[in-house]
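1. give me a model of this one.
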Amino acid sequence: MKKIILKKFKELGADITLLTVAISWGTTFVIVQDAIKDIPVFAFLFLRFFLSFILMALLSLKYLKQLDKTLIISGIFLGVLFFLGYATQTYGLIYTKSSIVAFITGLNVVIVPIVLYLLFKQQVYIYSIIGALVATVGLWLLTGAGGLSSFGKGEFYSLLCATFFAIHIVYTSKLSKRYNIFLLVSIELLSVAMLSLFSSLAVDPFTFPKEYSHTIILALVATVIFATVYALFMQTYMQQFTTPAKTAIIFTMEPVSAAIFSYFYAHEYLSITQIFGAIIMITAMLIAEIGSYYRSRL
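-> Residues are numbered from 1 along each chain as shown. As a prediction, the model looks like this:
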């Protein structure tokens, strides 16, 4: 009984921490939007992830003896998935509205259970399925994605993005139990940084700006410390103690926190429909959380 209680406390702690990860992503959304007016997207991503790698590498020095080939391959694999998620999302924004991209990206919440079953034949409990469906309804209302009437290039890229992020969540849960978290995250960050650099050199008008505006510096500080090093490390570490399906539901709080932060920081108006959507998404998270505790008592 004590072991079960301890396990549920660890799971609750992991879920709360993952919620702070989603919030850290959401609260930096507006800041990054301002920064990429002064610097191309892939150039910004390179700086963000390379600086994050340096910081994470310094924290990982004492674990270097644990570095081996399989850990490096696993870190690169996670990095490629993470980068592809960002890249396809960026291209999605070129061809369709940001609200549509935000909604379809958030559909990773329903893709995660499918990936779990297809790749690992792992059944997902009903409370997670209900939570995912409820979260999707809330996400639709919050993003105002009612304009989704056709399926073109933008929607296709966004769906790819959602798939890559879903697979990343699933494999992070699996690999975080096998390897040293510090080293795994370091390799992942370096992989994303290098892929961003190659992409920037290929498509951006410039990679290294002649001067760094206050907006770029603010965005780098916020994303490197909070939205990358803290967020990615905590995601990787905490997914050992909770399920991928519930992680995906918790991560739907990113657009909720983005909307709330935009209201206070950028004075962006929130409609009644958006507020209702946010409430529904919070309800979805509670369904998943309460359902997991109910299941543990059966």
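
2. ok, residue 144 to residue 268 distance?
-> Per CB to CB, to the nearest Å, residue 144 is found 12 Å from residue 268. For every residue, glycine as well, the C-beta is placed using N, CA and C.

3. between the two, which has more neighbouring residues?
-> residue 144 (17 against 14; other CB atoms under 10 Å).

4. residues near the closest residue to that one other than its chain neighbours, how many?
-> Leaving aside its chain neighbours, residue 144 sits nearest to residue 99 (4.9 Å; criterion: CB to CB, 6 or more residues apart in numbering). Per other CB under 10 Å, the neighbour tally for residue 99 reads 17.

5. element containing residue 99?
-> Here residue 99 sits within helix 98-106, counting by DSSP states H and E.

6. helices or strands up against that helix?
-> Contact partners of helix 98-106 among helices and strands, from 3 or more CB pairs under 8 Å, 6 or more residues apart in numbering; DSSP states H and E: helix 69-95, helix 126-143, helix 153-175.

7. any idea of the mean pLDDT for the shortest one?
-> Averaging pLDDT along helix 126-143 gives 89.

8. how about the last one?
-> Rounded to a whole number, the mean pLDDT of helix 153-175 is 94.

9. got the CA positions of it in PDB?
-> The C-alpha coordinates for helix 153-175 follow below in PDB (Å, rounded to 0.1, in the frame of the first residue of the first chain):
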ATOM      1  CA  LYS A 153      -0.200  22.300 -47.500                       C
ATOM      2  CA  GLY A 154      -0.400  24.200 -44.300                       C
ATOM      3  CA  GLU A 155      -2.700  21.700 -42.700                       C
ATOM      4  CA  PHE A 156      -0.600  18.800 -44.000                       C
ATOM      5  CA  TYR A 157       2.600  20.200 -42.500                       C
ATOM      6  CA  SER A 158       0.800  20.900 -39.200                       C
ATOM      7  CA  LEU A 159      -0.400  17.300 -39.000                       C
ATOM      8  CA  LEU A 160       3.100  16.100 -39.600                       C
ATOM      9  CA  CYS A 161       4.200  18.500 -36.800                       C
ATOM     10  CA  ALA A 162       1.600  17.000 -34.400                       C
ATOM     11  CA  THR A 163       2.800  13.500 -35.400                       C
ATOM     12  CA  PHE A 164       6.400  14.200 -34.700                       C
ATOM     13  CA  PHE A 165       5.700  15.800 -31.400                       C
ATOM     14  CA  ALA A 166       3.500  12.800 -30.400                       C
ATOM     15  CA  ILE A 167       6.300  10.300 -31.300                       C
ATOM     16  CA  HIS A 168       8.700  12.500 -29.400                       C
ATOM     17  CA  ILE A 169       6.600  12.300 -26.300                       C
ATOM     18  CA  VAL A 170       6.200   8.500 -26.500                       C
ATOM     19  CA  TYR A 171      10.000   7.900 -27.100                       C
ATOM     20  CA  THR A 172      11.000  10.400 -24.400                       C
ATOM     21  CA  SER A 173       9.000   8.300 -21.900                       C
ATOM     22  CA  LYS A 174      10.700   5.100 -23.100                       C
ATOM     23  CA  LEU A 175      14.300   6.400 -23.300                       C
END
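
10. can I get the helices and strands packed on helix 98-106 in TSV including distance to residue 49 and mean neighbour count?
-> As requested, those are exported to TSV (distance: least, CB to CB, whole Å; neighbours: other CB atoms under 10 Å):
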stretch	distance to residue 49	mean neighbour count
helix 69-95	8	19
helix 126-143	26	21
helix 153-175	14	22
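
11. with respect to residue 213, which of the ones you listed lies nearest?
-> In terms of CB to CB, the element of those nearest to residue 213 is helix 69-95, at 20.7 Å.

12. tell me the pLDDT at the closest residue to residue 21 other than its chain neighbours?
-> Leaving aside its sequence neighbours, residue 21 sits nearest to residue 231 (CB to CB, 6+ apart; 4.5 Å). On pLDDT, residue 231 comes in at 96.

13. so residue 231 sits against residue 24, correct?
-> Yes - counting by CB atoms under 8 Å, residue 231 touches residue 24, with 5.0 Å between them.

14. contacts for the helix holding residue 99?
-> Contact partners of helix 98-106, identified using CB atoms under 8 Å, 6 or more residues apart in numbering, comprise 89, 92-93, 135-136, 139-140, 143-145, 147-148, 154-155, 158-159, 161-162, 165, 252, 255.
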